[in-house]
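Chemist: Next come a sequence and a model predicted from it.
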Amino acid sequence: MSDSTTVANNALAEEHHEHPSYQRHHFETVDQQFDATNFAMWLFLLTEIMFFGGLFVAYMIMRNWYYPAFVEGSHQLSIFWGTANTAVLIISSFTMAMSVWSAEVRRKGLLLLFLCLTFLFGLVFLGIKGIEWHEKWEKFHVPGLRYSEQAFLNPASDPEVYKEYHDQPLSPDMAQKTQEYFFLYFAMTGMHALHMLIGVSILVFMIIRAKHGAYTSGHVTFVENFGLYWHFVDIIWIYLFALLYLISRH
Amino acid sequence: MSAATILSLPDQSTARIPKMNFITKENGLLSWLLTSDHKRIATLYLISITFFFFIGGALAGLIRLELLTPQSDLMAADTYNKVFSMHGLIMVFFFLVPSVPATIGNFLVPMMVGAKDLALPKINLLSWYLYVIAGIMMIYTMAVGGVDTGWTFTTPLSTHYLNTHVVSAALSVFVAGFSSILTGLNFIVTIHKMRCPGMTWFRLPLFLWSNYAAAILMVLGTPVLAITLTLVALERVFHIGVFDPAFGGDPLLFQHLFWFYSHPAVYIMILPGFGVISEVVSTFSRKRVFGYTAVAFSSVAIAVFAFFVWAHHMFIMGISNYAALVFSLLTMMVAVPSAIKIFNWSFTLYKGSVTFETPMLYSIGFMGLFTIGGMTGVFLGSTGTDIHLTETYFVVAHFHFVMVGGMLMAFLSGIHFWWPKWTGRMYPEKISQLAALITFIGFNLTFFPQFILGTLGMPRRYAAYPPEFQVLNVFSTAGATVLGVGYLLPILYLTWSLKYGAIAGDNPWQATGLEWQTQSPPLTENFAEIPIMDHEAYDYEWLEKQNRARQQQEEVV
Amino acid sequence: MDHISPVLWQFLDKWLEHFQLYPPEASKIAPQMDALYFFMVLVSLVGLTIVTLLIVAFSILYNKKRHPHAVQIEGSTLLEATWTIIPLGIFLVIFVWGALLYFRIYTPPANAMNIYVVGKQWMWKIEHPGGQHEINALHIPTGQPIQLTIISQDVFHSFSIPAFRVKREAIPGRYTSAWFEATTPGTYHLFCTQYCGTNHSQMIGEVVVMTPDDFKKWLAGSTSGNSLAMDGERLFASLSCNACHNSRPDARGPNLVNVYDSSLTLSTGQTVTADDAYLRQAILNPSQNITQGYSPIMPTYQGQVSEEGVIALVEYIKNLDSDYRVQETLNTTDIPPNETAPSPGQKPAAQKEVKP
Ligand code: HEA
Ligand code: HEA
Ligand code: CUA
Ligand SMILES: [Cu+2]
């Protein structure tokens, strides 16, 4: 503790000349700055968990009530695209981790490469999500805007899905509840996609800054914290994938 | 009363406000709007919440005027509904939640831990901008016709049966929520990571403990409100959703999610106030807070228990009897730490050397009114009596006692207490004592009759009511007028004091906190050099030693 | 006193004359509730007095003038333990007492007479078992436990009778219930206490408590000729429920006789009790719970029957185990002779004695 005070006093006396340029004036040491921002990021992620938590609770309750509707609703999702997207995100998590590493070892070229890759995978994810949503639109599975219960009242009318699952027809009142499933599907994946979108935008910003050598001079906090965010969004997706796509397969 | 005083003002003929301070550092509107100085942001917050308080207060005035007579004659029923909804929304989300934390807390947290600023100054500014955006959205909502859901947004009423501006109101609260999340986050990080050398956890002023507890609630509770309101907005826009029974949704799910935030929110609204009371009572008794650890941990206990009592707002709503049992029991548990605090504060006076400046008067008012408010909370927490009292004016009286009699009193106490630090000038003592007295009397006249009204069965949110309730309502309206005067006075004399108040000096109250060891108003960096905490919190003997040393030095010079 | 406005004076005068601190106690539970209430008032007063006394006494004794130098005290574990444990103890007493009351109010006795309440924006609709309909009014006899089965057809409402100290939320899509036994004839307030939109404050009415004799007269005077169950039977036929539920061996639906209050095994293997709520769900959302041995062929009647219709159907199904016709014609003009005798349609075993 005592040496940190000396540093502080020196700093005041010499008007910040001893600090690396990225140290904000109100921190005593770089370590403190790093610690504080990192801790803040974890807290923020905690907030995010509570945020998605509300959706998960709603999903669990509704699924419990309207089990058949949720099962047949989830049969409408494409496991192929879902798996592909999961893979894309996991790879992007890897490239993100590599970006952090590149920043730490101060390799600007590598950092740029990995950031661009992460950005690219982020876009691919959103693209695939777009394809999936578009398919829902085509199949009249957008509750509130464009919805038809046909595929659940008469599963054979949707041969592709029928071939695979041989679903029983749902009774009309249960078929109506598939809307709940798709409402939650859109709310959850939409909220997740929004987080991806924010992430991708920040990536653009980071790539531009990285070009100017911002993160390769020893100050990697921002990259590291963004990495945490990116991994978090990834983990949320894995939960969504499990809940929306996987648990209803049999 | 005021004969005995601890005020130690510098010699007014020679004293001057330090040339260099956070107010004079830079000039121009932009230097304020783009500042990252927590003290300037606190000032911005102070101005904005005062603005919203007066809007909310004017709406309260309208409520009371309407309730002067049994018929809904001043305004139509739906106007009345909008008025009380906007009153509740504005008072809760735009005044009380940010009141102590975002103004006094923002101003003090870094100084109390001995830091130059909050850990994330830009985030702090962002939080103020979010607040302003949310505020503008709320004013927009009001301008285009308002919203009449009540502050609780009850579904399916809010989602399908009203054609007022629910979506913009919900989004406004959503944004305000993020503003409060960011403030909470900043506090937690600052208290964890920015403490000056020697500032151990158990040397923290109690103000920090209680703001820390409140910050935890903000960070963990508010996001749930955000997602809930998002779902309400989605449901309203797309006519499908998880709360709508017509589609198989569950309206009780909304209640659970809403109160999961809004119960902790009531402690967000009171805990920072507790912190103010600890500081004030200690200072004006010249004594350590009785049982520091108990007071500190009771804040944390409240924060923890607060998350497990939400269903006490739903006792009659068809939750299972056994769930009601559990939530009632936990409600009793959460009441105990508050009782501990009240008694500890009372005993802080014991063998002290007590004086009664305005902050102390407000604090004493707080202790009395909060005890009443809190005890009536226990009436409501007891399942049996809640059946009779819920959704009546008893509840209205309960929460105004804790929110207005509690938190608002604490806020005023804090504003007066730290005013000299903030502005470098004293407020006028006599008239402010008078204002405190007027507030206290007006408050009781306004809200005490409402307990009786509630017991008699008068339902809340009624634009018209059976005539036999009129007399008590007339008392209440009369009280509100007195109360309005009580709140108008501080605005006037505090503004006056900005120019004409006596120069305060560094430490007019002879208090021990780090914030009093620096000049008033403080430098932008708060301290000329980073302080070292070498004594316990509220160590008045240390302060005396300090003063003696300084005197000797001056004599030598 | 002529400077006080005469109007104000008048009603002050009137108010002082009728001054009251709590509403009339017109039900059996009311005095019990008030006992707890006043216990809590007492506790609060004592607590408040203690806090006030402490503050005032210390303020005087340790005023700066009298006591210029503070004595620093850390705290006292003993004292702190005292004011942790004593309030906790008191709160626990309040908790237990309150919980006992709560369970009493929300657990109807078996012999209660069931009255249905439907809330809608902005009125209360009340259905007596004898087929009497009321709007914004509830007529009941003294000395007879009354169970309310409450539901809302739109938003949340809340059915509140302050004089009985009873209140229960009316929730869209699910039944809630409460009960009371009125003791004093008279007219009392009926409020909707949950905010329900524009005319929330107009959703009021009156509860008329009558002596059993008067009530009998009232029932006879306001009968529509049909009991609620008879309405239900008619609906049952017109919605062609009996196409499937007809007790024939080849019936596609289960036999509904005696189904009420029985325990059913669902296709998921769960067992449920067929209470009012279950019957309602079975009609509106049949596929949510499929009874074992049947296929989910029953169509939903959501949107085709009103809440009152559902109530009539439920009442009909409840009474299928007895010769309800005889019962109900008796009961449109009759109420059970005393408390211990069962009311219609509750316990099959008890019905036998009334059968011809
Ligand atoms: C600042 C805000 C605040 C605070 C601090 C509290 C504190 C408490 N509240 Fe309150 N409450 C609200 C704001 C607040 N409340 C609001 C806004 C509503 C209405 C929402 C709406 O519907 O619009 C509400 C509603 C509300 C309800 C629901 C009522 C209903 O709708 O049916 C309940 C029920 O349990 C309750 C209970 C409590 C309890 C037990 C406490 C406890 O924390 C109180 C603890 C304090 C004490 C107990 C006092 C100190 C004790 C002593 C000094 C001891 C006395 C001595 C002895 C016993 C010997 N509150
Ligand atoms: C922080 C919270 C807060 C604060 C400070 C207040 C302050 C006041 N409140 Fe409020 N109130 C709520 C939070 C708060 N309220 C909430 C959450 C609800 C529930 C809403 C709902 O049901 O959804 C509510 C509901 C509520 C009701 C019940 C409405 C109903 O159920 O029908 C009433 C009725 O008396 C009331 C009155 C008052 C009064 C007289 C004040 C006074 O303390 C205010 C005094 C202040 C002033 C008067 C302003 C200062 C003076 C001027 C600006 C001069 C100009 C004055 C006039 C034009 C009169 N409030
Ligand atoms: Cu119905 Cu209020
Ligand atoms: Cu609560």
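Modeler: That came through, no problem. Ligands and ions are numbered 1, 2, ... in the order given.
Chemist: pretty sure residue A:218 is touching residue A:106, no?
Modeler: Yes: with contact defined as Cβ atoms under 8 Å, residue A:218 reaches residue A:106; the gap is 6.9 Å. All C-beta atoms are positioned from the backbone trio N, CA, C, and that covers glycine.
Chemist: quick one: pLDDT of the closest residue to chain B within chain A?
Modeler: Chain B sits closest to residue A:144 of chain A, with a gap of 2.8 Å, by Cβ to the nearest Cβ. With respect to pLDDT, residue A:144 scores 79.
Chemist: Tell me the spacing between it and ligand 1.
Modeler: 30 Å (Cβ to the nearest ligand atom, to the nearest Å).
Chemist: got a list of what the closest residue to that residue other than its chain neighbours touches?
Modeler: Distances taken as Cβ to Cβ, 6 or more residues apart in numbering or on different chains place residue B:238 nearest to residue A:144, at 2.8 Å, with adjacent residues excluded. Going by Cβ atoms under 8 Å, 6 or more residues apart in numbering or on different chains, residue B:238 touches A:143, A:144, A:145, A:183.
Chemist: which bits of chain B sit near ligand 1?
Modeler: B:152, B:266, B:269-270, B:312-313, B:331, B:334-335, B:338-339, B:342, B:371, B:374-375, B:377-378, B:380-381, B:386, B:390, B:395, B:398-399, B:402-403, B:406-407 (Cβ under 6 Å from any ligand atom).
Chemist: repeat that for 5 Å
Modeler: B:266, B:269-270, B:312-313, B:331, B:335, B:338-339, B:342, B:371, B:374, B:377, B:380-381, B:386, B:390, B:395, B:399, B:402-403 (Cβ under 5 Å from any ligand atom).
Chemist: So which of the residues you listed belong to helices?
Modeler: B:266, B:269-270, B:331, B:335, B:338-339, B:342, B:371, B:374, B:377, B:380-381, B:386, B:395, B:399 (DSSP state H).
Chemist: count of residues packed around the residue of chain A found nearest ligand 2?
Modeler: The nearest approach of chain A to ligand 2 comes at residue A:54, 21.8 Å away (Cβ to the nearest ligand atom). By other Cβ atoms under 10 Å in any protein chain shown, the residues close to residue A:54 number 22.
Chemist: go on, residue A:39?
Modeler: 16.
Chemist: got the contact list for it?
Modeler: Contacts of residue A:39 (Cβ under 8 Å, 6+ apart): B:189, B:192, B:193.
Chemist: got a list of what the residue nearest to residue B:196 when sequence neighbours are not counted touches?
Modeler: Of all residues not flanking residue B:196 in the chain, residue B:114 sits nearest, at 2.8 Å (Cβ to Cβ, 6+ apart). By Cβ under 8 Å, 6+ apart, the contact set of residue B:114 is B:195, B:196, B:197, B:199, B:514, B:527, B:530, B:531, B:532, B:533.
Chemist: per-residue confidence for residue B:114?
Modeler: The model's pLDDT for residue B:114 equals 90.
Chemist: In this structure residue A:143 contacts residue A:177, no?
Modeler: No: Residue A:143 is beyond contact range of residue A:177, at 10.6 Å (criterion: Cβ under 8 Å).
Chemist: Between these two, which has more neighbouring residues?
Modeler: Taking residue A:143 and residue A:177 together and counting by other Cβ under 10 Å, residue A:177 has the greater number of neighbours (26 against 22).
Chemist: so when I look at the residue of chain A closest to ligand 2, I'm seeing a strand, right?
Modeler: No: counting by DSSP: H, G, I helix; E, B strand; the rest coil, residue A:54 is not found in a strand; it is helix.
Chemist: Residue B:228 is in contact with that one, correct?
Modeler: Yes: here residue A:54 reaches residue B:228: they are 5.9 Å apart, a contact under Cβ under 8 Å.
Chemist: what do those two both touch?
Modeler: Going by Cβ under 8 Å, 6+ apart, residues that sit against residue A:54 and also against residue B:228 are residue B:257.
Chemist: Close to chain C: what parts of the stretch 101-250 of chain B are there?
Modeler: Proximity of the stretch 101-250 of chain B to chain C is confined to B:148, B:150, B:152, B:154, B:156, B:157, B:161, B:162, B:245, B:246, B:248 under the rule Cβ under 8 Å from any Cβ of the partner chain.
Chemist: Can you list the residue ranges for strands in chain A?
Modeler: Per DSSP state E, chain A carries strands over the ranges A:141-142, A:146-147.
Chemist: Which of the ones you listed sits closest to chain C?
Modeler: Closest of the strands of chain A to chain C is strand A:146-147, at 16.8 Å (criterion: Cβ to the nearest Cβ).
Chemist: Which neighbours in the sheet does the closest one have, and how are they oriented?
Modeler: strand A:141-142 (antiparallel) (DSSP bridges).
Chemist: Name the SS class of residue C:208, please.
Modeler: strand.
Chemist: Now do the helix or strand residue B:169 falls within: which elements does it pack against?
Modeler: Using DSSP states H and E, residue B:169 maps to helix B:166-193. Counting contacts by 3 or more Cβ pairs under 8 Å, 6 or more residues apart in numbering or on different chains; DSSP states H and E, helix B:166-193 packs against helix A:30-65, helix B:97-98, helix B:106-113, helix B:121-143, helix B:206-238.
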